[in-house]
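> I need the structure of the sequence given here:
(2 chains)
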Amino acid sequence: MGPPGVLPWSLAALALGALGGAWWARLFGRRGRERAERVRSRAVARKVSALRRVEERYRDFFEHSPMGIFRSSPAGRFLDANGNLAGMLGFATPAELVAAVTDIGGQLYLDPRERAEAFRRVLAEGIIKDFEVRLRRRDGATVWLSLNLRAVCGEIGTLDHVEGFAVNVSGRKRAEEALTRSLEAKELLLQELRHRVKNNLQVLQSLVALTGNRVTAPESVRACREISGYIRCLAVMHALLSRAPTGDRVNLADMVRDLFAAASGLYPARGAAAHFALEDVPLHLDQALPCGMLFNTLVADVFKRARPGGRPARMRVELVRLPDGRVRIEMADGGEGLVWKDGTSGADMDAGLMRSLAAQLEAELDLDCGEGTRFRLVFEPSASRDRLRAREGTQPRPM
Amino acid sequence: MVRNTLNVLVVEDEHIVAWELTERLRRMGYAVCAAVPSGEEAVRAAQENRPDLVLMDIMLSGPMDGIEAARSILTRLGTPVVFCSAYSGETRARAERLGPLGFLDKPMDYDRLEALLGGLDREGEPGGAPC
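The predicted model follows:
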């Protein structure tokens, strides 16, 4: 007698397992019991087979993964490793790696503190990603690995082992190191060039000063002093540029203040009092230089007017960025008027220089020489011009 | 005309700069005991002349740079040093760690040089204030 027709044989097999053969035989007889046992054996075999297939799939994934996979103990041994990791570290097989390495930190890490740090972090955070370490391959070469690690804790919460995935990032690291070396070399070259430029300006300044010491005509002495002023102006621009984060723009406000201070040093016996109202305006070098030279000419003129020991020359300088993006520099004196307006020697040079520099800036230049002098310069900063060039498909001039 | 009391040693390998600096210092009324182009000569000249101040370039002729020469002079004689150099960045930071009296960037602001010398000169006068 078999089990009732409503009871499937698979359930009968389960019931057989649960109740035991003797109970089943008592209920359904020997033949029913044997049939149920056969069904049960087939079900177990299918389950084992399915589990084997799953295990094979995971084993295949583990063995042939394009990244290194491992489990390691806190004591520093590999519990398991795949072929890719073994290859990264210069071993022929995972078994060779597991057998040869008994102290991962000491044998593999260039700096064993990196492994201690990885364990400290993985214990604290559970999972850490993109932890880059330098390891020593079996052949002594250095390999950079990026690790993703997961802490696996035991029943009492202490770290049992760590599971990890490793990617060889040596190529990227070598490229990064080469780039860093190249940048360092360029920075060194740039520093040396800056040093040479400043040294050459110093030699030029010394030559002009030596010449100035040997001429007697007042015009020659004045000419030497003015040339010194332009050299100082170039030095100021250079110093500002060397401090600029991008190396191609200077803050116009800083330039105005520094040029005024440099001119004060050039005419120490004369005084000039300045009032500044300056907005920060970053300016590209191709405009900063003519702008600086122009301002230097004006400031030198203010100092020239001040009589030694007399009332100091006064000046007010305002620097604003207009709503349309253009920059306006205004300078007014204390009512004395420009020297070059009076037709004194050097006047043509100063006037011509100012007009020429304003033209280079593509600036509007207004001079009002009624009651004293009011100077106004309006121009578009180069950032706007760069955009214009980009729209027109033209390249900016090389610096 | 020597109206100031300082005796200055100029250490500069660029001869034109050294010449002009010497002339300028003398016109300002200071004495220049020597102008030398190398670190080794600077140490020797400082020992021989015992200057009140050393104006020191950093890049010099010979193996000893201005920072090493200044270190030697400061250690042996304690003479104040003012660096005059076009170097910036790490080199300047290294020089400044020696605790010099000043650092003049090239091309030099002579107004600052005069202020430094004047301050040091007044220190030597009765009632003079340190700069």
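
> Quick check: residues of chain B near chain A?
With C-beta under 8 Å from any C-beta of the partner chain as the criterion, chain B meets chain A at residues B:14, B:16-17, B:19-21, B:23-24, B:27, B:59, B:86-89, B:105-112, B:114. For every residue, glycine as well, the C-beta is placed using N, CA and C.

> Assign the residue most central in space within chain B to one of the three secondary structure states.
Residue closest to the mean C-alpha point of chain B, counted by C-alpha atoms, centre = their mean, is residue B:55 at 1.3 Å. Of the three states, residue B:55 takes strand according to DSSP: H, G, I helix; E, B strand; the rest coil.

> quick one: it from residue A:355, how far?
41 Å (C-beta to C-beta, to the nearest Å).

> try residue B:122
Distance, residue B:122 to residue A:355, using C-beta to C-beta: 47 Å.

> residue boundaries of the helices in the chain?
Defaulting to chain A. Ranges of helices in chain A, per DSSP state H, are A:9-19, A:21-64, A:83-88, A:94-100, A:104-108, A:113-125, A:170-214, A:218-243, A:252-266, A:285-305, A:347-360, A:382-392.

> Switch to chain B, please.
Using DSSP H, helices in chain B cover B:15-27, B:39-49, B:66-76, B:89-96, B:110-124.

> what mean pLDDT does the longest one have?
Spelled out, it's helix B:110-124. Confidence over helix B:110-124 (mean pLDDT, whole number) is 82.

> Output the contacting helices and strands for that helix.
Helix B:110-124 is packed against helix A:252-266, strand B:81-85, strand B:102-105, with contacts defined by 3 or more C-beta pairs under 8 Å, 6 or more residues apart in numbering or on different chains; DSSP states H and E.

> Let me see the domain layout of chain A.
What automatic domain parsing lists as the domains of chain A is A:9-62, A:68-168, A:249-392.

> quick one, which of those is nearest to chain B?
domain A:249-392 (3.2 Å; C-beta to the nearest C-beta).

> State the distance from the closest residue to chain B within the stretch 51-200 of chain A to residue A:215.
Using C-beta to the nearest C-beta, residue A:198 is the residue of the stretch 51-200 of chain A that sits closest to chain B, at 3.5 Å. According to C-beta to C-beta, residue A:198 stands 26 Å off from residue A:215.

> of those two, who's got more company?
Neighbour count, other C-beta atoms under 10 Å in any protein chain shown: between residue A:198 and residue A:215, residue A:198 has more, with 22 against 13.

> what's that one in contact with, if anything?
Neighbour list for residue A:198: A:235, A:238, B:86, B:105-107 [criterion: C-beta atoms under 8 Å, 6 or more residues apart in numbering or on different chains].

> Neighbours of the residue lying closest to residue A:328 once chain neighbours are set aside, how many?
Excluding the flanking residues, the one nearest residue A:328 by C-beta to C-beta, 6 or more residues apart in numbering or on different chains is residue A:378, at 4.8 Å. Neighbour count of residue A:378, defined by other C-beta under 10 Å: 18.

> Per-residue pLDDT of residue A:378, please?
For residue A:378, the model assigns a pLDDT of 94.

> ok now do it, which residues does it touch?
A:322, A:326-329, A:363-364.

> Is residue A:325 in contact with residue A:380, as I believe?
Yes: counting by C-beta atoms under 8 Å, residue A:325 touches residue A:380, with 6.8 Å between them.

> ok, those two, which is more surrounded?
residue A:380 (17 against 11).

> can you tell me how far the spatially closest residue to residue B:31 that is not a sequence neighbour sits from residue B:28?
For residue B:31, ignoring the flanking residues on the chain, the nearest one in space by C-beta to C-beta, 6+ apart is residue B:7 at 4.6 Å. Separation of residue B:7 from residue B:28 (C-beta to C-beta) stands at 13 Å.

> can you check residue A:258 too?
Distance from residue A:258 to residue B:28, by C-beta to C-beta: 24 Å.

> more crowded one of these two?
Neighbours of residue A:258 and residue B:28, each counted by other C-beta under 10 Å, are more numerous for residue A:258; the result is 20 against 17.

> Would you enumerate the residues in contact with that one?
By C-beta under 8 Å, 6+ apart, the neighbours of residue A:258 are A:236, A:239-240.

> Perfect, that will be all.
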